[in-house]
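with the sequence up front, the predicted model follows.
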Amino acid sequence: MIKGKLFMIPTSLGECDVHKILPLYVKEHIYNLDEFIVENSKTARSFLKKMNIPTPQNKLKIHVLNKHTDQEDIHGFLNACRNGKNIGLISDAGCPGVADPGAEITNIAHEENIRVVPLVGPSSILLALMASGMNGQSFTFNGYLPIENSKRKKKLQNLEKNSRHYNQTQIFIETPYRNDKLIDSIYQNLQGNTKLCIACDLSLNSEYIKTKTVNEWKKVSKPRLKKRPCIFLIHAH
């Protein structure tokens, strides 16, 4: 039996008209699916409703994959693919598999020779890098930094050191309600000539992207970032 495909379906990065963000062919693929692996059931159903898929909501088969999912259940999420049926993988926001639990199910698909098909859509990480003016030839995405102050300080200083040594852009994120504390840590622990880009609400009407040195940032009012999804990028010289 020919195995089905796992389609990696991008979503918008926030409240917006999804039809202006996603290519038409993404919608065409979604129209042919009725089974999905998702990070958040409510968010995914809302997205699929906005995409006007023909399958009624009560006919959709939804598997939830997040940090609370039982490891024994994850393997069974691909049963439809094993039986020749295509299914979709949807992130909570942006591209599945990138800073996203979907990477785990994608790895299983590769191990079982299930074809993985990534579809084009917005990645906040790449959009921020594109707009930062920093080195796009060499960069590292570091995910979340430590919460504890001393560990965060050490991590920030190590990222700055690596950026300077390798001429490399360092990218990281934070839970929105801790954005302000992270900025305070950056101000306190990085050198004044290190460049910092703050990019938030990417692709939305409220989009904000600015790159300045740490010293320049200190001279202006801090941007209002509380509860806004942000990407932070630094480049040291």
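Okay, I see it.

flag every buried residue along the helix or strand of the chain with the lowest mean pLDDT.
Counting by mean pLDDT, DSSP states H and E, the weakest-scoring helix or strand in the chain turns out to be helix 18-21, with a mean of 86. Neighbour counts over helix 18-21 (16 or more other Cβ atoms under 10 Å) mark Val18, Ile21 as buried. Just so you know, the C-beta spots here come from the backbone N, C-alpha and C atoms, and that holds for glycine as well.

quick one: that helix to chain centroid distance?
17 Å (Cα atoms, centre = their mean, to the nearest Å).

neighbouring contacts of that helix?
Under the criterion Cβ atoms under 8 Å, 6 or more residues apart in numbering, residues Thr11, Ser12, Leu13, Lys27, Phe47, Lys50, Met51, Gly121, Pro122, Ser203 lie in contact with helix 18-21.

closest one of those residues to Gln137?
Gln137 lies nearest to Pro122 out of those, by Cβ to Cβ, at 21.7 Å.

could you give the number of residues near the closest one?
20 (other Cβ atoms under 10 Å).

same thing with Ser185?
When neighbours are counted by other Cβ under 10 Å, Ser185 registers 19.

show me the contacts for the nearest residue to Asn32 once chain neighbours are set aside.
In space, and not counting its chain neighbours, Asn32 is closest to Asn86: 6.9 Å by Cβ to Cβ, 6 or more residues apart in numbering. Applying Cβ under 8 Å, 6+ apart, we find Asn86 in contact with Gly4, Lys5, Leu6, Phe7, Asn32, Leu33, Ala80.

ok, and the most crowded of the residues you listed?
In these, the most neighbours by other Cβ under 10 Å go to Leu6, 28 neighbours.

need phi/psi at Lys195.
With angles defined as degrees, to the nearest 10, Lys195 sits at phi -80, psi 140.

can you pull the contacts of it?
Gly133, Met134, Thr211, Lys212, Thr213, Val214, Ile234, His235, Ala236, His237.

chain neighbours aside, what residue packs nearest to it?
For Lys195, the spatially nearest residue (Cβ to Cβ, 6+ apart) is His235, at 4.7 Å.

which one's the longest helix in the chain?
helix 149-166 (DSSP state H).

need the contacts of Asn86 in JSON lines with secondary structure, can you?
Shown next, in JSON lines, are those (DSSP: H, G, I helix; E, B strand; the rest coil):
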{"residue": "Gly4", "secondary structure": "coil"}
{"residue": "Lys5", "secondary structure": "coil"}
{"residue": "Leu6", "secondary structure": "strand"}
{"residue": "Phe7", "secondary structure": "strand"}
{"residue": "Asn32", "secondary structure": "coil"}
{"residue": "Leu33", "secondary structure": "coil"}
{"residue": "Ala80", "secondary structure": "helix"}
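
no further questions, thank you.
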